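# Sequence unavailable; structure follows:
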Ligand SMILES: [Zn+2]
Ligand SMILES: [Zn+2]
């Protein structure tokens, strides 16, 4: 039995994101806006916590629309771990994780991965492309 391939593994080896434009967008540093959601030049947001990518909706709030494919290179992006995150934290008695002091392992994606290997031994495989 193989473990669920980690989401990063579908990107070229050593690359955190699928392509250069995506990486540049996510590493973009704006001197005027410290928050990505405040900067009109930022189009994409990456949530390490949920391992999901989204298009920023610039309506003054911190909202983004999750996307499944890269708008530049078309690469399949990792499936959001948001639901899994909520389910696992619920099992740990965190019913309102956004308002609660959750385990550090759930603050970033690597923690999700580790939990994933334990809690989801039969997780479905991502299609190989
Ligand atoms: Zn800006
Ligand atoms: Zn890309």
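On my side now, so go ahead. This structure is a prediction, so every number in the text was calculated from the model and none was measured. Ligands and ions are numbered 1, 2, ... in the order given.
# Go through stretch 87-100 and flag the buried ones.
Neighbour-count burial for stretch 87-100, with 16 or more other C-beta atoms under 10 Å as criterion, is recorded at 88, 89, 94, 97. Quick note: C-beta positions are derived from backbone N, CA and C, even for glycine.
# Can you give me the domain boundaries for the chain?
Following the assignment in automatic domain parsing, the chain carries domains at 7-67, 82-119.
# is the longest one anywhere near ligand 2?
What it means is domain 7-67. Yes. Domain 7-67 comes into contact with ligand 2 when judged by C-beta under 5 Å from the ion, the residues involved being 18, 19, 22.
# For the residue nearest to residue 77 when sequence neighbours are not counted, give me phi and psi.
Counting by C-beta to C-beta, 6 or more residues apart in numbering, the nearest residue to residue 77 once its immediate chain neighbours are dropped is residue 53, at 4.8 Å. The phi and psi torsions at residue 53 (degrees, to the nearest 10) take the values phi -110, psi 150.
# Just grab the bridge partners of residue 53 for me.
Beta-bridge partners recorded for residue 53 (DSSP bridges): residue 46, residue 67.
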